[in-house]
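A.B. asks: What follows is a predicted structure for the sequence shown.
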Amino acid sequence: MSTGSGEGLERAQELLERLRVKLEGLERLADAGDADAAVDDLTEIAEIAKEIEAEIQRARASADAGA
């Protein structure tokens, strides 16, 4: 694995942790019935998921370039 792909995977792991925290927060908001805040969190969750996908694609491209 090249350095670029390793960094990309590390970044993806950081984003996954952020996603996990947001999902836990979303559960709390759902339990509290706070729909407006839950919608805001869902928007952030979608953005984090897109960032994760982009990092994985960059890591793959970097790994393919180093292969």
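C.D. replies: In hand now; what should we look at? Residues are numbered from 1 along each chain as shown.

A.B. asks: Give me the mean pLDDT for stretch 47-55.
C.D. replies: Stretch 47-55 carries an average pLDDT of 93.

A.B. asks: For that stretch, buried residues please.
C.D. replies: The neighbour-count check on stretch 47-55 (16 or more other C-beta atoms under 10 Å) flags Ile48, Glu51, Ile52, Glu55 as buried. C-beta here means a position set from N, CA and C on the backbone, and glycine is covered the same way.

A.B. asks: can you tell me which of those lies nearest to Glu10?
C.D. replies: Taking C-beta to C-beta as the measure, Glu10 lies nearest Glu55 of the buried residues of stretch 47-55, at 8.9 Å.

A.B. asks: Tell me the secondary structure at the closest one.
C.D. replies: helix (DSSP: H, G, I helix; E, B strand; the rest coil).

A.B. asks: For it, give me its contacts.
C.D. replies: Applying C-beta atoms under 8 Å, 6 or more residues apart in numbering to Glu55 gives the contacts Gly8, Leu9, Arg11, Ala12, Leu15.

A.B. asks: re earlier: output the buried residues of stretch 47-55 in CSV; the columns should cover distance to Leu19 and secondary structure.
C.D. replies: Shown next, in CSV, are these (distance: C-beta to C-beta, whole Å; DSSP: H, G, I helix; E, B strand; the rest coil):
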residue, distance to Leu19, secondary structure
Ile48, 5, helix
Glu51, 9, helix
Ile52, 7, helix
Glu55, 12, helix
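
A.B. asks: how about these in a markdown table, adding distance to Arg28?
C.D. replies: Below are the buried residues of stretch 47-55 laid out as a markdown table (distance: C-beta to C-beta, whole Å):
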| residue | distance to Arg28 |
| --- | --- |
| Ile48 | 17 |
| Glu51 | 23 |
| Ile52 | 22 |
| Glu55 | 27 |
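
A.B. asks: Cross-check the contact I'm expecting between Glu44 and Lys22.
C.D. replies: Yes: shown here, Glu44 and Lys22 form a contact pair, counting by C-beta atoms under 8 Å, at 5.8 Å.

A.B. asks: Those two - which one has more neighbours?
C.D. replies: More crowded of Glu44 and Lys22, by other C-beta atoms under 10 Å: Lys22, with 17 against 14.

A.B. asks: Sweet, I'm off.
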